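Colleague: Sharing a sequence plus its predicted fold:
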Amino acid sequence: MNKKVKLSQKNKKKSIDKIRKNIDKIDTQILKLLSFRRKEVLQITKYKKRSEIIDKKRIAAMLKKLVLKGKNLKIESYVIVNIWKAMIRSFIKLEKEKI
């Protein structure tokens, strides 16, 4: 469990601000990765028919694999599943717009 550290209000604010800056940097990295993923999704639309956009077996296998990898990284499975399902829905929408 995380231990709560006793800090003055000023130090607490500085600590929170520093952590938030780190989170902002990570968010920027995630955006760059999403841009790369988007490009690949757009590439695949050249080879798929509209009826092939949703592959439930692939989605299930992908989520299972990601949850296992996440477990090794100490990421809760619900975090992975919720994020990837939202991402998959969004990219399916993109594919449908492009096919």
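Modeller: Looks like it arrived, so ask away.
Colleague: Can you give me the pLDDT of the residue most central in space within the chain?
Modeller: Compute the mean C-alpha point of the chain, and by C-alpha atoms, centre = their mean the closest residue is residue 83, 5.1 Å away. The confidence metric pLDDT takes the value 98 at residue 83.
Colleague: what separates the biggest helix by length in the chain from the chain centre, distance-wise?
Modeller: Ranked by residue count, the top helix of the chain under DSSP state H comes out as helix 9-44. The gap between the average C-alpha position of helix 9-44 and the chain average comes to 11 Å, counting by C-alpha atoms, centre = their mean, to the nearest Å.
Colleague: what packs against that helix?
Modeller: Using 3 or more C-beta pairs under 8 Å, 6 or more residues apart in numbering; DSSP states H and E as the contact criterion, the secondary-structure elements in contact with helix 9-44 are helix 77-98. (Glycine included, C-beta is placed from N, CA and C.)
Colleague: hmm, who's touching the helix it packs on?
Modeller: Residues from elsewhere that reach helix 77-98, judged by C-beta atoms under 8 Å, 6 or more residues apart in numbering: 34, 37-38, 41-42, 44-45, 48, 50, 53-54, 59, 62-63, 66-67, 70-71.
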